[in-house]
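*Asks:* Pasting a predicted model and its sequence here:
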Protein chains: 4
Amino acid sequence: MINASILGATGYTGIELIRILKNHKKVNIQSIFSKSYAGKPISEVYSGFNNNIDLICEDLTDIDYEKLCMKSDIVFLALPHGISLNFVSKIYEQKPEVKIIDLSADFRYDSYRLYSKWYEQEHPSKELLKKAVYGLPELFRTEISSSRVVANPGCYPTASILACAPLLAEKVIKPQKIIIDAKSGVSGAGRTPSKATHFSHVHNNFKAYKVTTHRHSSEITEKLSSVAEKEATVTFTPHLVPMQRGIQVTIYADPAVDLPARTEDKIDFLHDIYRDFYLEEPFIKIYDKNKLPETKDVYGTNNCGLTVRYDPPTDKIIIIGVIDNLCRGASGQAVQNMNILFDFEETTGLEQEFIF
Amino acid sequence: MINASILGATGYTGIELIRILKNHKKVNIQSIFSKSYAGKPISEVYSGFNNNIDLICEDLTDIDYEKLCMKSDIVFLALPHGISLNFVSKIYEQKPEVKIIDLSADFRYDSYRLYSKWYEQEHPSKELLKKAVYGLPELFRTEISSSRVVANPGCYPTASILACAPLLAEKVIKPQKIIIDAKSGVSGAGRTPSKATHFSHVHNNFKAYKVTTHRHSSEITEKLSSVAEKEATVTFTPHLVPMQRGIQVTIYADPAVDLPARTEDKIDFLHDIYRDFYLEEPFIKIYDKNKLPETKDVYGTNNCGLTVRYDPPTDKIIIIGVIDNLCRGASGQAVQNMNILFDFEETTGLEQEFIF
Amino acid sequence: MINASILGATGYTGIELIRILKNHKKVNIQSIFSKSYAGKPISEVYSGFNNNIDLICEDLTDIDYEKLCMKSDIVFLALPHGISLNFVSKIYEQKPEVKIIDLSADFRYDSYRLYSKWYEQEHPSKELLKKAVYGLPELFRTEISSSRVVANPGCYPTASILACAPLLAEKVIKPQKIIIDAKSGVSGAGRTPSKATHFSHVHNNFKAYKVTTHRHSSEITEKLSSVAEKEATVTFTPHLVPMQRGIQVTIYADPAVDLPARTEDKIDFLHDIYRDFYLEEPFIKIYDKNKLPETKDVYGTNNCGLTVRYDPPTDKIIIIGVIDNLCRGASGQAVQNMNILFDFEETTGLEQEFIF
Amino acid sequence: MINASILGATGYTGIELIRILKNHKKVNIQSIFSKSYAGKPISEVYSGFNNNIDLICEDLTDIDYEKLCMKSDIVFLALPHGISLNFVSKIYEQKPEVKIIDLSADFRYDSYRLYSKWYEQEHPSKELLKKAVYGLPELFRTEISSSRVVANPGCYPTASILACAPLLAEKVIKPQKIIIDAKSGVSGAGRTPSKATHFSHVHNNFKAYKVTTHRHSSEITEKLSSVAEKEATVTFTPHLVPMQRGIQVTIYADPAVDLPARTEDKIDFLHDIYRDFYLEEPFIKIYDKNKLPETKDVYGTNNCGLTVRYDPPTDKIIIIGVIDNLCRGASGQAVQNMNILFDFEETTGLEQEFIF
């Protein structure tokens, strides 16, 4: 059993961590921290958490780092970017043995310039940024296993990179002019009320937002370039779906190689690449060529559903992927990373079936 | 480890059983049966079930009962009423040691007359009907533990009876003229497409249905009479909510005793009765008098949230309850009953936190 | 053609007024006022309003009342209670000929004591309160037609009173212990974002709220007492439905007279009362005894759908009603009142069919 | 006043026609026809239609064409493709003066080969196919005005073609490799219940469907080729959104000309083309470059909201469009076509504001 603490426990990714870790047989939730709900039991913030042992929120603005690090083998940070990095630094300096998984964007980039540009602030811990590993297990498992600080990927990047990686790594598609048309449930916008997430505004409504300007486009581009070993260019268009959880991406790319002549053979060829690339991966589900992944298939799970098609008139390869934005796109993947860090079976605590 | 089989595995209560049992550490799902999907893997029916070991649907219309009973310690039946009873009889006769949990209405009544009247068919197994135990664990745990056939309660009755039982048992409310205004998510209507469950009809819509004529009113009335040890009369009005899962009941009853003078004291007095009555019950959550249960609090769980209020102008006691209709209202409760039958810790396999 | 102005034009009842009045052939929208959006075109606040003539929001905090009253034959106030009454007084004093329809609660009560108690502030214009008429046309048409200030009813009271009035007026039900179990779409909570109306919280969720404490219970009680000519007592329980528009009420009452012997005859007898009572009413739709009104039936309309049932076991009469909370429950009814005030055909501008 | 009849009045496009035409001041709905509901009043099929004059469904399978054509100035056909064409032929032959608007796909193509290929049946009325005009008013107004048979465009094609036309007509984008990522509300799937439109399946779910195989891709390609005066190639990917009404398209295209140097100037340049192209069009709403159209903006209207962006990394032009699939995507556009045919003001009966 290891002890885990959560900073920022009352946001949606915070409570998703609690949901998962409470049933993780090798983890004890040691302490949880919140700014707005310091001193309150989590069951007062979310009545659904009225089970068994209750957890009391400690004060995020008044952390005793020595105590925190003495009691915790791992600390999860589910805090806003720009804020998270200060907490990460302090924990890092406090005690080398404590593992850190940061769910914010603060340590995701290789390039601090990219971070400064897209998050509009200097990065104060460039050294630490270099040491942090991008926590996408299927691509960076080895690096993660020996790291101390894991930067948990963004939700859109998780779906987008998992979807593109096989064909980019195998040089089957061009890394330029990749189009990612992405759709997300509303929980991705977090817990703070706003006009944009007001029920009467979102319900029965569909819209694109932050067209050409969403931060995740830079995270996706950097990582796809790394996978492709060549500079990638990406158009990323996010859309808001009137549903709770789920991200779906439809990706359009140009072939970089000669594909088999017949369309059916092309599709088989492409599927084989996905099957081979993710052969041993327990969370990646490659769909038969006559099935299409839906977000509900992965509701509440750490799975990623993928499939690929080919469209003759435009010679485009179409990749379709789905994840649960709060689980695989955030807290589930964080637990998967934790499992790697502590050499647990990678699926531990993440065995739950999808909920219909 | 025990072996469980499921008859009618592809309906919503069937897949909810699979969802729960797959993570139950003392159960192996031995075999699943379906009429429409015989021969197909469950992952072909629901793509979300593409995890780990796949299950193949065997043919429900061609069961080898000897084999079924040899391989199964328990059989769950998630079949339509009127059909289920034939299967129950055959399993029952095949092998005495096999436990049976029937999720249909076929064995819920004490009175076969009531069954005939409301389900418009004679009951062919009156003997068995007598032996079957009504599987509401908080009220009938002892009887369940020594039974062979458990009749799993209906979804509305589960919420309604759990909500009324404490005050009826303690003779605090009159058993007559109880009004149960109930609201359910659409999954309660099952998996078969119909006009009434067509997305474009249900979405952004709210309605009452089967006013004064819903079958569950008779089940509720029989069981409340039993709890009250006196004939109960109930008006039961179901409503359809444009959501997936969840039942909420708002119940209005008349006091049968003198309550404390001040309204606040009345409410405290009533809450104390609930707390005492369900003191050791792991799945019953009594809400503070300043909190109201919401269906989302119990999403995906076997919990029942309850609270009680008093309204001075009309001298009415108001009870509010919530459950997840597919979990606590069907398959979760079935697993709870199984845990009792096999003397497992009653919460085993049902520890999952609510999913937000 | 008359000229209308709207104070508080950017809230949900404000834009519903604009939606209706823009197609009202006898009305010109003269000016609209807003606090938050002063100086901005309405099309900037709601992109959907990019049709034809655009309207610019004038500053609500800096009204030139002389100008307003010179240019307007009628002023609609879609402002919060407690604030609205100040504006009403000023307009009233400015020019006697200007008609006022106040959509807030400030002038709905006959009793200023009731107002003070439930809205927790003294009423500063008791004289005006006496002069204001409660704008429920089917019950108070004559009074409305000769009034200067119409207090537009609350959304829940509109549905509740229209549903109870025939049986109360005819002394067929007892005015005591009436139970109103009401359900509303989320737009009833207005346009200001909050935790309670955050999409991820409300969606796929159902809950009761303000049980025994909702202000509308007092409005309903006062008006039902007036209809019954006897003090009524009411238990009113509101619930939040994850949908946009629509209120549904299920009402339980006790017979005050001997009803015909057979249940079918009872139901016919009750329906006849509704048909007679609302015989000439264009907006009241009595449903056949084999049909139940749904909120979608009245989506976007000023209609009220009603039906009635009888439940033998408890001797309860069940009344079911539906309205669109923004249209009939607010702005549509306001326009109906305006039509009465100006002696227009009462359905003018309200002829739109329901939108599926 | 003209007389209109509707064949197939009880499907979603049928009742949308009724909704619109009932408030059209120059149209009398003469007769409506249905296969499943022959003899029943429309108010029995949809309780919401209980207003004013009720309409009785006549028998679609037993039409007296002489009578129909004598009494009707125009006939709308809201029938399935493959079936509609038989009715069109009979009406056409019966009486030359009767105008026909067919909402099915049967007369949309210029090429009967394309029709046969995608709808898997020979076209029995090639002569009539030639005479029919594609009813997209903004592009083919002149042809429509002098035609007898108007083929009302598909919902996806309406949005897609209106979005692409300005840049294609001006040769600003290449007609090849246009990517149309389209999303639709569930009403687009019609009124017949199915697994794919079952509430519990669709709600809280998002998915792509018919990837590379949707019939509308061929309709879009043919019409875009015509606009571009050059063969277009299109990848069209439809998705299902858990909402009632609304289509949103996000379109990616490559510039065919040198655009201004600065990104801002590019976007202005592109917007100007849209503004000029649709200058006098009452239903086309070009959004400012800092606003994005949402489906709710056009709910219940005949409007099409459009905007355009440019993404430097990939040199892609992004076009975003929204319509209401039942109104502009079907019945609203049919009424717009009718207005043209009868030389009414084109907006008559379509003036309703969006409903929030």
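*Replies:* That came through fine.

*Asks:* average pLDDT for stretch A:98-107?
*Replies:* For stretch A:98-107, the mean per-residue pLDDT is 98.

*Asks:* What of stretch A:228-241?
*Replies:* pLDDT averaged over stretch A:228-241 gives 98.

*Asks:* Secondary structure element holding the most far-flung residue of chain A relative to its centre?
*Replies:* Distance from the C-alpha centroid of chain A, by Cα atoms, centre = their mean, peaks at residue A:261 (36.7 Å). According to DSSP states H and E, residue A:261 maps onto no helix or strand at all.

*Asks:* For my notes, confirm residue A:334 occurs in a strand.
*Replies:* No. Counting by DSSP: H, G, I helix; E, B strand; the rest coil, residue A:334 is not part of a strand but helix.

*Asks:* got the contact list for the nearest residue to residue A:41 once chain neighbours are set aside?
*Replies:* Excluding its sequence neighbours, the residue lying closest to residue A:41 (Cβ to Cβ, 6 or more residues apart in numbering or on different chains) is residue A:54, at 4.7 Å. Glycine gets a C-beta too; all of them are placed from N, C-alpha and C. Contacts here follow Cβ atoms under 8 Å, 6 or more residues apart in numbering or on different chains; on that basis residue A:54 touches A:41-43.

*Asks:* Now a PyMOL select for only the buried ones of those residues.
*Replies:* Buried members of those, defined by 16 or more other Cβ atoms under 10 Å in any protein chain shown, are picked up in PyMOL with:
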select buried, chain A and resi 42+43
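
*Asks:* Any chance of the contacts of residue A:54 in a markdown table with pLDDT and secondary structure as columns?
*Replies:* Listed next are the contacts of residue A:54 as a markdown table, based on pLDDT from 0 to 100; DSSP: H, G, I helix; E, B strand; the rest coil:
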| residue | pLDDT | secondary structure |
| --- | --- | --- |
| A:41 | 95 | strand |
| A:42 | 95 | helix |
| A:43 | 93 | helix |
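
*Asks:* which among the contacts of residue A:54 gets closest to chain B?
*Replies:* Nearest to chain B out of these is residue A:43 (Cβ to the nearest Cβ; 9.1 Å).

*Asks:* Return the residues in contact with the closest one.
*Replies:* Residue A:43 sits next to A:49-50, A:54 when contact means Cβ under 8 Å, 6+ apart.

*Asks:* next one: residue A:200
*Replies:* Counting by Cβ under 8 Å, 6+ apart, residue A:200 touches C:12, C:186-187, C:189, C:191, C:197, C:244, D:356.

*Asks:* That one and residue C:127, how far apart?
*Replies:* 37 Å (Cβ to Cβ, to the nearest Å).

*Asks:* would you list every one of the strands in the stretch 1-150 of chain A?
*Replies:* Ranges of strands in the stretch 1-150 of chain A, per DSSP state E, counting those that start in this stretch, are A:2-7, A:27-34, A:57-59, A:74-77, A:99-102, A:133-134, A:149-151.

*Asks:* okay, the ones you listed in CSV with mean neighbour count and distance to residue A:231 next?
*Replies:* Formatted as CSV, these follow (neighbours: other Cβ atoms under 10 Å in any protein chain shown; distance: least, Cβ to Cβ, whole Å):
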stretch, mean neighbour count, distance to residue A:231
strand A:2-7, 23, 35
strand A:27-34, 21, 40
strand A:57-59, 19, 44
strand A:74-77, 27, 31
strand A:99-102, 26, 26
strand A:133-134, 22, 17
strand A:149-151, 26, 21
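
*Asks:* Which of the ones you listed sits closest to chain C?
*Replies:* Per Cβ to the nearest Cβ, nearest to chain C of the strands of the stretch 1-150 of chain A: strand A:27-34, 14.8 Å.

*Asks:* on contacts alone, who are the packing partners of the closest one?
*Replies:* strand A:2-7, helix A:12-21, strand A:57-59, helix A:65-71 (3 or more Cβ pairs under 8 Å, 6 or more residues apart in numbering or on different chains; DSSP states H and E).

*Asks:* can you map out the helices along the stretch 151-300 of chain A?
*Replies:* A:155-169, A:199-202, A:216-228, A:263-277 (DSSP state H, counting those that start in this stretch).

*Asks:* May I see those helices arranged in a markdown table, with distance to residue C:4 as well?
*Replies:* Below are these laid out as a markdown table (distance: least, Cβ to Cβ, whole Å):
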| stretch | distance to residue C:4 |
| --- | --- |
| helix A:155-169 | 47 |
| helix A:199-202 | 25 |
| helix A:216-228 | 47 |
| helix A:263-277 | 61 |
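
*Asks:* Relative to residue B:181, which of those helices is closest?
*Replies:* helix A:199-202 (23.1 Å; Cβ to Cβ).
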